[in-house]
Each structure stands twice: as structure tokens, then as C-alpha cells.
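Kindly generate the corresponding structure for this input.
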Amino acid sequence: MKKEVSKTLTLKDVHTLEKICNRFGKQTINEKKKLLTDFPKVLVEKVTALKEYHDCLLFMLAYPENKELYQITFLELQRLVGAVKNISEGNNETKKLQLSASGISNSTITAGFSFDLVKWMTETFPENISFHSCDADVAKQKEIFKLLLPAIEREAFEKNFSSLENWLSDAVIHSKKNMLQLLIQFLESVVMSIELRDYFYDALQIFVDIKVDDHLPSRSSARINHGDIFFHSGELIKKVNAPEIHSQKILPPLKLTHKEKEHLNTVAKCSLLMLLRETDPVTYSNVEATELHDMGRGIKIALYYLSKDRRLPVESYVGYIAFKNNIPVAYGGGWIFGNFSRIGVNVFAPFRGGESALLFSQILRLYKQRFNISVFEAEPYQIGKNNSEGIKSGAFWFYYRLSFRPSQQELFNLAEEENNKIQKDKAYRTEEKILKKLADSFMVLRDEKFSEKIISTLETSEAITKIIDENFEGNRLSFSNYSKKFVSDSLKIKLKSRSFNFDSKADTDLSAFLSLAKNLNEWSETDKQKTLQLFQLKELDSEFKYIHALQKHKKLLNELYKAVHSK
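This is a model prediction of the structure:
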């Protein structure tokens, strides 16, 4: 008897499920259940269908209707991961290539990442990462290593060097380390600033191979384990009352063990890596400062603070990963200065048909209350400037519906006109050329009760550059020496004292910033003490206390505002 050939899963099959995966109710539960029960009877061979099906299953795990459907979906995802493993162990190179950079378990990634992330990977998942190539031309490679090698080795190096790969291959023969580990070891052995090291590493254009197996959190498997699953008994929340959400009091951060904080950092790094992305607060995170907040409805938000050697001079960059039912669904960060924060959100592609507006509203709620933010600003890139994805997704209207408005009057008026057209005609769609014009917007969300003047770090930066050019003839060393002495004398700080080190980049930068307050030496002892405290708080594990101390230092903020706006 002839054996019946199994049917192959097609894109049409997947699209049938996609059409109902974000709809809820008794009928759709039965439809989803039937499809998920039928699909295991077919082969998953087409990679395009496999990848779309994978993302559809991820969405259903993030937005499940009940426990039974959740378990069926989970098992089907495991089956799909098994299908990918069969491909990765097979001989079809075309399919393997199609799966590469997908971030799905049992696939591969070849890409370039920062020095610190690569170093972390070699330490945490040494079996999953290896050297792939150096894409800088040989002349550039040679130039870099001549600068970094001890002078005594340079003559032999120039004679024998043919490429970085050959140089590392020769070194591996006499070492227990692999090529990538040797490269990292070498760059760490050279005494230089982390910024210079990053520059040389980036200039080499190092690419690595990453094996996405069961040990490495992937897009298929990256999870946290905090709290019960939230099941959606009704339709998803698509429209939100943002001000009402922002006013709901947040709960204190969840209590986490060191191991749980490490896991939050591992999941964050890997979730972004799988999408070939990085953010500074995640890559350079201070593990002990990590927080996790329960925002309700299955939404949890992890906050990531920069390590001390990576912090910004005066503002505080705090990143986040948002989780829905323990699955990472979005990432971004806030650049906080006083009561002002630039903010951005990036919802991972599989989850954009979910509760994105609610998710971002909860992120804003957390930043607003945790960091006492009264004014949020979304920069043009978030809206679509030089960002085709932002234009395509209508990002401008996403922010607009959440009460963000253009700060530029011309674009504010244009947005009002377009919004009126939309309200009158529900079928109306803003033309792409108008969306591109609106993409120049700096979108602002301001607390109506907040009336204080806002100062940006761009303004302080420009003011300092002006002072250096006009008063120090462009000599930055002279300005640096002046600002450190001025702040030291004004606050009565002993240079190189136990508490302060003006040779450090952080204290040098903060001194330059404080020197804008020209009458600092005339301040009251209370205001001077508050200023002195900023140096100490900037050095803690978390910048949380520094953020609030700067907000409360109204004397400093007012003086800075006057300094940058004086003619």
C-alpha cells in the first residue's frame, strides 16, 4: 500500500491563523485550537512559512486566551523549534541560510557587535560564539596593531603579519584560548581608555558566528519567570486613556535575588542580540542596579542602569525591556535630565498587532512616577525621520494618539489639520509625503500642572563649547583646569581627595557642567552641599538617587537655565 505523503505547511495556512490570532472570544478559541491541532499533522518545510508561523505562535503565547490554548501553543512552538533543528542538522544549505539571523532556536547568526557584548558572550556562552572574520582591509589591520603592540615587537610584526586571522591562527597553536578570546585578551592588555579600545575594535570590523542552541536564550526561548500568566478573556485593548493610566500609582520594584537580576540581564542582552541590536544600558548594565516592575495585565518592565564607567556626564540614560506574560516584547530607554526625559519605544515585530498603545502607556507611567518626569520628548527618528519603518507603521499617529504633540508650531498646525481630516473621514489616510514632513517633529508630552523651565543637555553642551571658544581660545585643557579649580574652590573640595578625583572623566565632565553656574561660590552652604552631593550620588550602583537629587536642586537648574539663555 502506497504511503500517503504528508501535507506541507504553507504561507496560506499561517495567514489563516494570523487573521484570528489577535481576535478573542469563544468562536476564535475553537478556531485557533483546531488550527493548532491540525498543523502538527503537516510538515514544516518552507522557511518563509516557518518564520511567520514562529512569530504568530510567539504572539499567541504573549496574548493567550486560556490555559489550554496556551499549552497547545507552547507545544506547537517546541515542535517548530524541532523542525528548525532538523534543517540545521541537514544538508540543505539554502534553508540554513534562509534561517540565519532569524534568532530562532537552532539557527545561526553572523554579525558584528560591540566589544563588551562579544566579551560577555565569550565569558557566559563560550561554546556559542566564535571568530568569523575581520572585514577591515589588511592595511588598516596592520596600522591598528602597530599602534597597540609594544615597540619591541613591531619589527617582527611588520615582517610576518599578513592578516589578523592568520596572526590569531598562529597564536591559537600555543594557547588554550580560541581566536576570539585571544583578540579580546590582547585588546584588554593594552592600557587605554574604554572609548579608544571601542574605537579600535569597531575599526577592525570584527564579525562573529553565534550558534543559537538550547543553551542560549533565543527569540523562541527567552523568558523571565515572574508571576502568573494573564489570560485574555476579552478583546485586546487598542485605545487607551493615557493620562488616566499615567495617574495610576505604581507598585514598588519586585524584590530580586542576584541570580534573578543576572537572568534579567542575560535575557535582555540575548533578546536584542537575536535582532542584531544593542542598547547601552543593556550592553553596559550594572547588574546589581537592575529593577523589575509589575504593571498589571501580564506586563512587567525591567529597568537597566549604566555601569559607572559608561554613564553620561550629567543626564541619566535608563533603558528598559518590556515583557508580556514573561516574553520580551519591546525595548527602549529614557535620557533623563531634571524633570525632562527623551523617550523611545521599539515593539518587537511579532507583537505589533497587540496592545502596543497600552504597553507604551505603562512604560511612560513607570518613568513618570519612578523618575518624577513631567515632560517627555520623542525625537524625529522615532517618528520616522530617516526611518522608513517608522513612516510605514504610521509612528507619528501612534505618539499623537498618546497625547504627544509637535513642539514646532508649523508641524503642530499641520498635525491638527490632518487629525481633523481623519476625524471627519475614517477612511482618510495621511499621505506618505505628509508623514515624512511630520517626521521632523520633536513630539512632546507635558504634564499640564508642570510650569517650570526645561533645559536640555544639548543647550548646556553648546554653552560650554561657546565658553571654550570665546574665553579659552579653543584650549580645552585650559578650560578643564579652570572648571575643576573653580568648582573645587567654590565647594571647598580638595583635589584628589578621598571622595573626589578630578582626574576621573566623570568628575571632570561634571565640573565643566557646574562651571556654567558662574556665581557658584556665592551660594548658600545648603545649596553648595546639594551640589557636592551630586558627585557622590553619580557614583552609586544606580543613578536613581542622583536623578532625584538633581531634580530637587532648583537653584542649580535655574542658574543653568539663565546661563544657557543669556545673550
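
just checking, what packs against the biggest strand by length in the chain?
Looking across the chain with DSSP state E, the single longest strand is strand 327-337. In terms of contacts (3 or more C-beta pairs under 8 Å, 6 or more residues apart in numbering; DSSP states H and E), strand 327-337 is packed against helix 47-62, helix 258-273, helix 280-283, strand 316-324, strand 340-347, helix 356-370. No exception for glycine: its C-beta is placed from N, CA and C like everyone else's.

any chance of those in CSV, plus mean pLDDT and distance to F115?
As requested, the helices and strands packed on strand 327-337 are exported to CSV (pLDDT from 0 to 100; distance: least, C-beta to C-beta, whole Å):
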stretch, mean pLDDT, distance to F115
helix 47-62, 96, 30
helix 258-273, 98, 14
helix 280-283, 98, 10
strand 316-324, 98, 18
strand 340-347, 94, 23
helix 356-370, 97, 29
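
closest to G296 out of those?
With C-beta to C-beta as the measure, helix 356-370 is the member of the helices and strands packed on strand 327-337 nearest G296 (7.8 Å).

Please state the offset of the helix or strand following the closest one from the chain centre?
Sequence order places strand 375-378 as the next helix or strand after helix 356-370, per DSSP states H and E. Here strand 375-378 is found 17 Å from its chain centre; the criterion is C-alpha atoms, centre = their mean, to the nearest Å.

Let the chain start at 15 from now.
Happy to do that; since the first residue is 15 now, the last one works out to strand 389-392.

export strand 389-392 as PDB, just CAs?
This file holds the C-alpha atoms of strand 389-392, laid out as PDB (Å, rounded to 0.1, in the frame of the first residue of the first chain):
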ATOM      1  CA  VAL A 389       8.000  66.300  30.200                       C
ATOM      2  CA  PHE A 390       8.600  63.500  27.700                       C
ATOM      3  CA  GLU A 391      10.100  64.100  24.200                       C
ATOM      4  CA  ALA A 392      10.200  61.600  21.300                       C
END
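
helix or strand right after that strand?
Assigned by DSSP H and E, the successor of strand 389-392 is helix 394-397.

Counting by contacts, list what that next one packs against.
Going by 3+ C-beta pairs under 8 Å, 6+ apart, helix 394-397 lies up against strand 354-361, helix 402-406, helix 409-415.

helices or strands up against the helix or strand following the last one?
The C-terminal neighbour of helix 409-415 among helices and strands, as given by DSSP H and E, is strand 419-420. With contacts defined as 3+ C-beta pairs under 8 Å, 6+ apart, the secondary structure elements packing on strand 419-420 are helix 423-438, strand 457-460.

List the buried residues in stretch 180-192.
181-182, 191 (16 or more other C-beta atoms under 10 Å).

Quick one: list the elements packing against the one helix or strand E573 maps to.
Using DSSP H and E, E573 maps to helix 568-579. Where contact means 3+ C-beta pairs under 8 Å, 6+ apart, helix 568-579 is packed against helix 471-485, helix 539-551, helix 558-566.

From the chain's centroid, how far away is the first one?
Relative to the centre of its chain, helix 471-485 is centred 29 Å away, using C-alpha atoms, centre = their mean.

hang on, the earlier thing: who does the longest strand of the chain pair up with?
Here strand 341-351 has these sheet partners by DSSP bridges: strand 330-338 (antiparallel), strand 354-361 (antiparallel).

coming back round to it: looking at the helices and strands packed on strand 419-420, which is nearest to Y213?
Nearest to Y213, of those and by C-beta to C-beta, is strand 457-460 at 33.1 Å.

Low-confidence ranges, this structure, go.
The chain contains residues with pLDDT under 70 at 15-20, 508-517, 581.

residues in contact with V56?
20-23, 27 (C-beta atoms under 8 Å, 6 or more residues apart in numbering).

out of those residues, which are buried?
So, by 16+ other C-beta under 10 Å, the buried ones in the contacts of V56 are 23, 27.

Can you get me a residue count around S207?
Using other C-beta atoms under 10 Å, S207 has 10 neighbouring residues.

thinking again about what came up before, export only the CA atoms of the helix holding E573, formatted as PDB.
The C-alpha trace of helix 568-579 is given here as PDB (Å, rounded to 0.1, in the frame of the first residue of the first chain):
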ATOM      1  CA  LYS A 568      16.200  74.100  41.900                       C
ATOM      2  CA  LYS A 569      19.000  76.700  42.500                       C
ATOM      3  CA  LEU A 570      21.300  74.800  40.100                       C
ATOM      4  CA  LEU A 571      18.700  74.200  37.400                       C
ATOM      5  CA  ASN A 572      17.600  77.800  37.500                       C
ATOM      6  CA  GLU A 573      21.100  79.100  37.200                       C
ATOM      7  CA  LEU A 574      21.900  76.800  34.400                       C
ATOM      8  CA  TYR A 575      18.800  77.900  32.500                       C
ATOM      9  CA  LYS A 576      19.800  81.500  32.900                       C
ATOM     10  CA  ALA A 577      23.400  80.700  31.800                       C
ATOM     11  CA  VAL A 578      22.400  78.900  28.500                       C
ATOM     12  CA  HIS A 579      19.800  81.500  27.600                       C
END
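
now that helix against helix 539-551, angle please.
80 degrees (axes from the mean of the first three to the mean of the last three C-alpha atoms, to 10 degrees).

In helix 568-579, which residues are buried?
Buried residues in helix 568-579 (16+ other C-beta under 10 Å): 569-571, 573-575, 577-578.
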